[in-house]
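**Q** how would this look folded up:
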Amino acid sequence: MTQDNFLYAKSILRQRQSLPLEVKVRMSKLRIRTWYEHFQGNIYVAFSGGRDSTVLLDLVRSIYPEVPAIFYDTGLEYPEIRKFVREFENVTWLRPKLTFQQVINKYGYPIVSKEQSLMIYQFQHAQSDKFKQRLLGRGRFSISMKWRYLIDAPFNIGCRCCDIMKKDLAHRYEKEHNSYGIIGTRTEESRIRERQYLKSGCNAFDLKNPISRPISFWLGEDIRAYIEDKSLPVSKIYDIKGINHTGCMFCLFGLHFEPTGHTRFDLMKVTHPKLYDFCMNQLKLREVIDFYLNPSPELIIEGKLRYPRSGE
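**A** Residues are numbered from 1 along each chain as shown. Model prediction:
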């Protein structure tokens with residue numbers, strides 16, 4: 001995608017994000033119909049039990065009530081989410097081959113972001129000095145100076161958990177059922193999701209694994225307004241003050257954006273103490289979080305000296 005095309009697509013996205021909810025609903029339903037008709041009804045909804053996927057499932061089944069849904073039974077969902085998902089009919093539960101503990105032991109802990117954790121993993125396992133130097137360069141495809149101290153972390157870092165615990169399950173389901181997925185991701189949630197949308201739009205027919213993201217241009221306020229307008233049930237997890245997102249419980253992506261003493265894990269300590277104890281001690285997240293969020297000044301300085309930008 002050229003820079004001009006990128007900027008044009010981004011301006012279109014911003015325009016769509018500003019539309020009234022009723023217009024967004026019509027646009028999303030049109031994309032769902034197009035997806036359904038293109039694959040002759042062989043589609044499914046990825047249902048996580050969160051607010052976004054609850055809205056998505058309602059949109060899809062308001063047109064095609066028979067469309068099945070799948071739920072990734074990863075063991076990383078809050079118990080309130082699991083209970084909520086069981087209330088829906090025609091939902092297939094899929095379980096990954098590895099547990100989260102097995103994934104982090106083999107591939108590393110997911111910290112900072114998918115992009116940064118991937119590049120740190122690549123650096124730690126690279127055989128080529130030339131490739132390592134590229135990862136220490138400038139721009140998008142290099143490890144940020146801010147996070148270079150993580151290269152020497154006393155634990156492995158990686159980003160394979162989502163692939164193994166969700167995407168692989170989806171691909172297997174699609175192959176076994178000759179079916180094509182609809183997911184409830186939104187561009188507002190991350191730069192990666194925004195880039196995916198700008199590149200392929202809501203219905204990505206031409207990808208190796210085609211996927212539909214019909215509510216990509218919705219905002220969080222649209223999701224809440226739709227739920228209120230339709231009086232949709234939502235998981236009891238949202239009744240807990242402070243919990244606004246219900247992704248994988250033990251994921252560390254973006255933890256550095258949360259205020260000290262008020263992170264998702266601080267809240268978990270109060271609301272789900274047994275889960276907190278498990279992740280801190282059994283999964284050893286306590287030492288990972290401490291190294292991630294509270295590195296010693298000497299470590300940061302050493303990291304910057306040992307891993308400067310390529311050529312400096």
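**Q** quick one: buried residues of stretch 242-253?
**A** Within stretch 242-253, the residues that count as buried by 16 or more other Cβ atoms under 10 Å are 243, 246, 247, 248, 249, 250, 251, 252, 253. Every C-beta, even on glycine, is put in place using the N, C-alpha and C of the backbone.
**Q** Mind putting those residues into JSON lines with secondary structure, distance to residue 109 and pLDDT?
**A** Output for those, formatted as JSON lines (DSSP: H, G, I helix; E, B strand; the rest coil; distance: Cβ to Cβ, whole Å; pLDDT from 0 to 100):
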{"residue": "243", "secondary structure": "coil", "distance to residue 109": "22", "pLDDT": "82"}
{"residue": "246", "secondary structure": "coil", "distance to residue 109": "20", "pLDDT": "81"}
{"residue": "247", "secondary structure": "coil", "distance to residue 109": "15", "pLDDT": "82"}
{"residue": "248", "secondary structure": "coil", "distance to residue 109": "12", "pLDDT": "90"}
{"residue": "249", "secondary structure": "coil", "distance to residue 109": "14", "pLDDT": "92"}
{"residue": "250", "secondary structure": "coil", "distance to residue 109": "9", "pLDDT": "94"}
{"residue": "251", "secondary structure": "coil", "distance to residue 109": "9", "pLDDT": "93"}
{"residue": "252", "secondary structure": "strand", "distance to residue 109": "6", "pLDDT": "94"}
{"residue": "253", "secondary structure": "strand", "distance to residue 109": "10", "pLDDT": "94"}
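**Q** Now residue 216. Its backbone dihedrals?
**A** Dihedral pair for residue 216: phi -60, psi -40, per degrees, to the nearest 10.
**Q** which residues does it contact?
**A** 185, 186, 187, 193, 197, 202 (Cβ atoms under 8 Å, 6 or more residues apart in numbering).
**Q** Tell me the one among the buried residues of stretch 242-253 nearest to residue 21.
**A** Nearest to residue 21 among the buried residues of stretch 242-253: residue 246, at 22.0 Å, using Cβ to Cβ.
**Q** can you pull the contacts of that closest one?
**A** Applying Cβ under 8 Å, 6+ apart, the residues near residue 246 are 48, 49, 50, 51, 77, 78, 81, 235, 237, 238.
**Q** ok, back up a step: specify which member of the contacts of residue 216 is nearest to residue 227.
**A** residue 186 (14.3 Å).
**Q** Residue 170 is in contact with residue 181, correct?
**A** Yes: proximity of residue 181 to residue 170 meets the contact threshold set by Cβ atoms under 8 Å, at 5.8 Å.
**Q** joint contacts of the two?
**A** Residues touching both residue 181 and residue 170 (Cβ under 8 Å, 6+ apart): residue 46.
**Q** which sections of the stretch 201-312 of the chain are below the confidence cut-off?
**A** 298-312 (pLDDT under 70).
**Q** which residues in it form strands?
**A** In the stretch 201-312 of the chain, the segments counted as strands under DSSP state E, counting those that start in this stretch are 203-204, 211-212, 252-253.
**Q** Please consider this matter closed, and thank you.
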